[in-house]
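> fold the following.
(one chain, ligands or ions: 1)
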Amino acid sequence: MEISIRNYRNEDVAAILEIINYNILNSTALYDYNIRTTDQQLAIFDDKLKKGFPVIVAESNNEVVGFGFYSEFRFREAYKFTVEHSVYAHQNHVGKGIGKLILTELVELAKAQNLHTMIGVIDSENTSSIEFHEKFGFKVVAVIKETGFKFDRWLHSVFVQKML
Ligand SMILES: CC(C)(COP(=O)(O)OP(=O)(O)OC[C@H]1O[C@@H](n2cnc3c(N)ncnc32)[C@H](O)[C@@H]1OP(=O)(O)O)[C@@H](O)C(=O)NCCC(=O)NCCS
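Numbering: from 1, shown residues only. The predicted structure is shown next:
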């Protein structure tokens, strides 16, 4: 499977929403309850891009098969060298190297932006994402218990961190 990485464009939003909304409905990867609309998602990415943060997609055979981005971890000024990232592969294409390409690119972009550290917040049930991140040098630094409630159960947030 040949995969390339490029910057996000507005016309990618439908393919990205397919991935996001699948995960909202079927997993604890996202803590939303309700699927997102196109306008909501366009606004989310627009805000990140206006602040100078990257949104990237993975493409294969002219189809978007994954995406990733980072943006501020928290909003106070002293957090400005810290970002929180997300990475997603399409549900039909996990384990094919898409996440690897996206995360590698995000780390390179963060270094180029002179950032100091990257944080991922992963649901504790999402062991595949935790293990995936550990392969890239992220370390589990905290588990914040019962921070989410979805599918009638409490969810725990695992914070993974990589120093750049
Ligand atoms: C987590 C996710 C981004 C990983 O992307 P992916 O494209 O499936 O992973 P890759 O094929 O690029 O794998 C990269 C490396 O991680 C490892 N890895 C991937 N999934 C793994 C798993 N379930 N368990 C252990 N290792 C795993 C691979 O073995 C691979 O290592 P290698 O390079 O030594 O072979 C993807 O599975 C996904 O989008 N899952 C659903 C949404 C999600 O949970 N996103 C993250 C939210 S925090």
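> let's verify Ala29: helix, strand, or coil?
Under DSSP: H, G, I helix; E, B strand; the rest coil, the three-state class of Ala29 is coil.
> unless I'm mixing things up, it is touching Asp123, no?
Yes: between Ala29 and Asp123 there is a contact under C-beta atoms under 8 Å: 6.3 Å. The C-beta positions use only the backbone N, C-alpha and C, and glycine is treated the same way.
> can you map out the helices along the protein?
Along the chain, counting by DSSP state H, helices occupy 13-26, 38-50, 98-112, 127-135.
> let's have these in TSV, adding mean pLDDT and mean neighbour count.
Putting the helices of the chain into TSV (pLDDT from 0 to 100; neighbours: other C-beta atoms under 10 Å) gives the following:
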stretch	mean pLDDT	mean neighbour count
helix 13-26	98	17
helix 38-50	98	14
helix 98-112	98	18
helix 127-135	97	15
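> may I see these organised as JSON lines, with distance to Phe159 added?
Output for the helices of the chain, formatted as JSON lines (distance: least, C-beta to C-beta, whole Å):
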{"stretch": "helix 13-26", "distance to Phe159": "19"}
{"stretch": "helix 38-50", "distance to Phe159": "20"}
{"stretch": "helix 98-112", "distance to Phe159": "16"}
{"stretch": "helix 127-135", "distance to Phe159": "10"}
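> and the nearest residue in space to Val87 that is not next to it in sequence, what is it in contact with?
In space, and not counting its chain neighbours, Val87 is closest to Gly68: 4.0 Å by C-beta to C-beta, 6 or more residues apart in numbering. Contact analysis of Gly68 by C-beta atoms under 8 Å, 6 or more residues apart in numbering lists Val55, Ile56, His85, Ser86, Val87, Tyr88, Ile102, Leu103, Glu105, Leu106.
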